[in-house]
Every structure is written in C-alpha cells, then in structure tokens.
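Asks: need coordinates for the below:
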Amino acid sequence: MDARIVSPTHPAFHITMALSNTKPRGIVVFSGGSAANSLVDVFQAVRENKKCLLSYVIPISDNGGSSSELIRVFGGPGIGDVRSRLVRLIPDDPEHEDSEKGAIKIFFNHRLPKDRTVAKREWLQIVEADHDLWSHISTAKKELIRAILNMVNFEILKRLRPSSTFDFSGASIGNLFLTGARLFTGSFESAIYLLSSICSVPEHTSVLPAINTNFTHHISAGLADGTVITGQNSISHPSISTALDDATPSVNEDTELHDAIEDANLPGSLPTLRKQYINFSKADEDDLPARIQRLWYINPYGQEIKLAANPKVISALKDAQAIIYSIGSLYTSLIPSLILKGVGQALANPTIRYKILILNSTNDRETGPSDAPFSALDFIEAIAKAGAESRGYVGEVPKYDYCSYVTHVIHLTGPGTPPVYKEELRDIWIETIRIYGRRGEDGGFARYDEKALVQALEAILGKRDPRAERNRRNTLES
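Replies: Down below sits the predicted model:
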C-alpha cells in the first residue's frame, strides 16, 4: 500500500506518520578519560553518518592526580575524566591557529608546575589575569571564567588550616574551574553545562557523569587471592593494597593521624581514601598479585554500597540504537559505570541491536597479571558480570547470556594484543571484526587507525542512506 494515498482513518496511516516522524536512536559510549580521547573523532564521524545523538558516559570514582587534592579539600566527585572529555570535544578551527576555541582548549588543559611554590605563584597570576593563557580569550568569557576561579581561590583560603593547606602542584585549571562551578551552583550537572557552553561542545553530543552527585564515591576491587584494594588510584597504579577486614593497630593509628587534619573527609574514614595521590607513575606499573574478580562501590568507611546511575544515562540507553565500550582501563573506566543500578537492565534490552566492544590493543595492570593475561572472552565476561550485578545477580553468568551485553568485538592483531578466539565467540553469538592498526615503535600494532575503525563501526551499524526516509514513507505495506 502506497503511504501517499492511505486514508487518515486507515490504521496504516498512523503507523506511517509515526515512522516518518521517528528520530534516529542515539549512540552511547562508555569510556574513561585519556585513552578514549584519542577516538573522539571516530565516534563523531559515526555520529555524523547516522545523524543521531551521541552520549559519553564517564565514571566519577577517580581519586588520583590533582583530583585527589580537590576531593580532599572540597569533597565531591572525581571530575578529571569529565573535564578531559569536555575539553577534547572543543571543535577545532584549522583555519585560525590562534582562535578563541584553541586558546580555551589550552587554558582548560593547562596544568600548574610540579613545584609547590612555583605552582601557587602561577595560580595567582592566572586568577589576577596576569598570565599569557588569557591571550585570545574574549573579555566576556575571560571575566566569566575568572569569576569562578576567584571564587575557588576564596574557598581555598576559607578552608586554610594549620594542619591542612591546598597543594597546587600539578593542578589542572579545568578541574579547578569545574569544581568552582559546582560549588557556586550547588549542582554537578549545572557545572558541566557551564563548561560545555564555554567550550562550545556541540548540542548533539552529551557528556554524562555515570552518577550525578555532589558527593565523593570510591571503589574497591577484590582479587582472586582474597586481596582487597581500595580506591581507584591504588587499583590502577602501583600502591600498597588495603584489606578492609583487618583492623590492625597501625591502621587505627593512621586513622587517628588523619582525623587530626581538617579537610572534607569524615572522621574515621579509611586512611587510604584520604591520602594525596598527586604524584604517581602511569608508566611503570607492577602486576597485581592476582586477577581482579569483582569491583564495587564503598562508603568512606569501606562498607559496600549500591548506587543508582544518573537518570540521564538510563534515558540515553533507553533511546540508543548502539552501545560502544571504548578502549581504556577495564575495571576503572568501564565497570564503575556498568555496575550501577539501572544500567544492566538497560544494557540487556534486546531493542539495542549493537553492543560493541572495542578491545584494548594491549593488556594493562588491571587485565594481567603477565602470566595470565586477559583474552577477549575475559573482557566480555567482566562486562557481562557487571551488567548482571547491576540487575541484582551475583555469581557466574552463563556464557550464552554474554551476548545480552556484547554482540560485536572489534580488535587488532599483533604482539601483545589480547587473544581473540573467533570460533569460541561465534559459538556464543558474538561477532568479531579484525582491523589493522598503526604500527608502534616496536613494530607491533599498538594503536587503532581512525579510518579503519570508522569503517568497522559503519560495517556493523550500517551507513545512513539519505533515501531511507523517502523509501520508508513510500513502501509501507498493510
């Protein structure tokens, strides 16, 4: 039946109108910060081809780097990865190297020097508008940004105590601004909106914190040998593990020592969550003593808690045609978002046809140890277990249910890449696509090639055909 001649009283008329007015469903990307930033242009290209909304879901459990000092003094969520993605999304202006957009990107990505005294001196230059970073930023935006930074500076002075002073070493200007905006508005969501507006983030792209909160939320990881590691920084980077069940005198003494410091931490909270992790190495990472088996959220005293996801994340998932699990740390970039209440149910929704894992090009500290590195199936199992736990199921997930959470795996081949057993995955209805990457310095395939990755994603999702809308309207059958 031709839709052009369907009577308004015919049932097919209403179906035709609904189809013609349907907006394309969106794409939701789960990721952390720095690693996935390299693929932003890839996701943008796919979004443009599909003419749909793009949402990034970012965890807020990071307690390392300059974020650790902001959390110690002000409390609140770990904002570093959110800030990193917002600034990365600033549109490039290749025709004008000294454009305002470029200057804002440099400004919010700028970190103060490592030396504590020099860092504080430079911070004062910035808030007093006596710094080269302000060049090429319009007066209107400069004064808006400076107002927030000056408010942060005032709040730092208010919290100054003999036992506690703010350490500006290596501080991110963007993190300081986002913290100030959150304190000023009283809303993390509003702070993100303000920074998004200043950074000119496109309207069709959203950066969604996994949890919309003004509080600090930490994570713990349980290893196969029974060890419990507390705090994201300790999980991701070499650190002394903390067993929560051992109330040794040394731990009690450490707690009392931290209780004497006036900061944003509750008295009696775990010492490992109150330490400054401003300086740590991302390069030389020791193996964990055993594989990570489970990850969960804790309160300041180390007790497990169940948290609900940001309602906007659930809304984006319900309106998604595809989910992409991006590259990055499996247990500290992806899993913290997947175990939240509401996420697992949304992920398992069969109306979402494509659930794509972009497999890391190498195993890291979280997916070792080196004598038992993760395979693609191990990555998928971790995602499936997180989704099931979000739904209230604890324990092993049947392999045949893995495809409820992952339907496709895109991967590289070469030295050090996680092994992918195609037949094994095919047996549980998961498709694999191998693509070639850029050669690293050692000759191996170390990085994804952007063009090849876009082609792989489009091969799965299909390109949007501009004739589709016309054909759909004209070929509806009764």
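
Asks: how about the helices of the stretch 351-478 of the chain, start to end?
Replies: Using DSSP state H, counting those that start in this stretch, the helices of the stretch 351-478 of the chain run over 376-390, 422-426, 450-461, 468-474.

Asks: need the contact partners of the shortest one.
Replies: Identification of contacts with helix 422-426 by C-beta atoms under 8 Å, 6 or more residues apart in numbering yields Ala376, Leu377, Ile380, Val409, Glu431, Thr432. The C-beta positions use only the backbone N, C-alpha and C, and glycine is treated the same way.

Asks: per-residue pLDDT, the second one?
Replies: In the prediction, the pLDDT value recorded for Leu377 is 98.

Asks: was I right about Val343 contacting Gly387?
Replies: Yes - between Val343 and Gly387 there is a contact under C-beta atoms under 8 Å: 7.1 Å.

Asks: pull stretch 156-171 out as CSV, backbone CA atoms only.
Replies: C-alpha atoms of stretch 156-171 as CSV (Å, rounded to 0.1, in the frame of the first residue of the first chain):
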residue,chain,number,x,y,z
ILE,A,156,40.6,27.6,49.4
LEU,A,157,41.5,30.5,51.7
LYS,A,158,38.4,29.8,53.8
ARG,A,159,39.5,26.2,54.3
LEU,A,160,43.1,27.1,55.2
ARG,A,161,44.1,25.5,58.5
PRO,A,162,47.5,24.9,60.2
SER,A,163,47.0,21.2,59.6
SER,A,164,45.8,21.5,56.0
THR,A,165,46.8,23.7,53.1
PHE,A,166,45.8,23.3,49.5
ASP,A,167,48.6,21.9,47.2
PHE,A,168,48.5,23.4,43.7
SER,A,169,51.2,21.1,42.5
GLY,A,170,50.3,19.8,39.0
ALA,A,171,46.7,21.1,39.4
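
Asks: buried residues in that stretch?
Replies: Under the neighbour-count criterion of 16 or more other C-beta atoms under 10 Å, stretch 156-171 has Ile156, Phe166, Asp167, Phe168, Ser169, Gly170, Ala171 buried.

Asks: need the max-distance pair from those.
Replies: Ile156 and Gly170 (15.7 Å; C-beta to C-beta).

Asks: now do the helices in the stretch 201-350 of the chain.
Replies: 232-236, 249-259, 311-318, 335-338, 343-347.

Asks: for Ala320, give me its contacts.
Replies: Here Ala320 is in contact with Arg25, Gly26, Ile27, Val28, Ser55, Ile352 (C-beta under 8 Å, 6+ apart).

Asks: ok, now Leu330?
Replies: Asn360, Glu366, Thr367, Phe374, Phe379, Ala382.

Asks: surely the last one meets Thr332?
Replies: No - at 11.9 Å, Ala382 does not count as touching Thr332 under the criterion of C-beta under 8 Å.

Asks: circling back: need the buried residues of stretch 156-171 in TSV (columns: secondary structure).
Replies: Putting these into TSV (DSSP: H, G, I helix; E, B strand; the rest coil) gives the following:
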residue	secondary structure
Ile156	helix
Phe166	coil
Asp167	coil
Phe168	coil
Ser169	coil
Gly170	coil
Ala171	coil
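
Asks: out of the residues you listed, which comes closest to Leu257?
Replies: Among those, and counting by C-beta to C-beta, the member closest to Leu257 is Asp167, at 17.7 Å.

Asks: got the contact list for Ile148?
Replies: By C-beta under 8 Å, 6+ apart, the residues touching Ile148 are Phe177, Gly180, Ala181, Phe184, Leu194.

Asks: quick check on the second one: phi, psi?
Replies: Spelled out, that is Gly180. Backbone torsions for Gly180, taken as degrees, to the nearest 10, come to phi -60, psi -40.

Asks: report pLDDT for it.
Replies: 97.

Asks: so where does the nearest residue to it once chain neighbours are set aside fall, helix or strand?
Replies: Closest residue to Gly180 in three dimensions, ignoring its sequence neighbours and counting by C-beta to C-beta, 6 or more residues apart in numbering: Val152, at 3.7 Å. Assigned by DSSP states H and E, Val152 belongs to helix 139-158.

Asks: can you mark which positions in that helix are buried?
Replies: Those would be Lys141, Lys142, Ile145, Arg146, Ile148, Leu149, Met151, Val152, Asn153, Glu155, Ile156, for helix 139-158 by 16+ other C-beta under 10 Å.

Asks: now do stretch 378-398
Replies: 378-390, 397.

Asks: my read: Gly33 touches Gly80, true?
Replies: Yes - between Gly33 and Gly80 there is a contact under C-beta under 8 Å: 6.3 Å.

Asks: ok, and what's touching stretch 261-279?
Replies: 63-66, 68-69, 71-75, 114, 159, 161, 163-164, 167, 169-170, 216, 218, 230-231, 233-234, 242, 244, 251, 254-255, 257-259, 300-302.

Asks: could you redo the last one with a cut-off of 7 Å?
Replies: 63-66, 68-69, 72-75, 161, 163-164, 167, 169-170, 218, 230-231, 233-234, 242, 251, 254-255, 258-259, 300-302 (C-beta atoms under 7 Å, 6 or more residues apart in numbering).

Asks: out of those, which are buried?
Replies: 63-66, 68-69, 72-75, 167, 169-170, 218, 230-231, 233-234, 242, 251, 254-255, 258, 300, 302.

Asks: contacts only, for Arg111.
Replies: Gly170, Ala171, Ser172 are the contacts of Arg111 under C-beta under 7 Å, 6+ apart.

Asks: I'd like to know which of those is nearest to Asp130.
Replies: Using C-beta to C-beta, Ala171 is the member of the contacts of Arg111 that lies nearest Asp130, at 17.7 Å.

Asks: how much space between that closest one and Leu157?
Replies: 15 Å (C-beta to C-beta, to the nearest Å).

Asks: burial count for the closest residue to Asn299 other than its chain neighbours?
Replies: The shortest distance from Asn299 to any non-neighbouring residue, by C-beta to C-beta, 6+ apart, is to Ile305 (5.2 Å). Neighbours of Ile305 under the rule other C-beta atoms under 10 Å: 10.

Asks: where's Ile305 relative to His217, distance?
Replies: 8 Å.

Asks: shared neighbours, these two?
Replies: Shared contacts of Ile305 and His217, defined by C-beta under 7 Å, 6+ apart, are found at Tyr297.

Asks: quick one on the thing from earlier: which of the contacts of Leu330 sits closest to Ser315?
Replies: Closest to Ser315, out of all of the contacts of Leu330 and judged by C-beta to C-beta, is Ala382, at 25.3 Å.

Asks: contacts only, for the closest one.
Replies: Leu330, Ile335.

Asks: how near is it to Ser337?
Replies: As judged by C-beta to C-beta, Ala382 and Ser337 stand 13 Å apart.

Asks: ok, Thr139 next?
Replies: On the measure of C-beta to C-beta, Thr139 and Ser337 end up 39 Å apart.

Asks: try Ser163
Replies: 36 Å.

Asks: what does Gly437 give?
Replies: Gly437 is 26 Å from Ser337, by C-beta to C-beta.

Asks: higher neighbour count, those two?
Replies: Ranked by neighbour count (other C-beta under 10 Å), Gly437 and Ser337 place Ser337 first, with 26 against 19.

Asks: nearest residue to the more buried one other than its sequence neighbours?
Replies: That would be Ala210: by C-beta to C-beta, 6+ apart, it lies 4.0 Å from Ser337.
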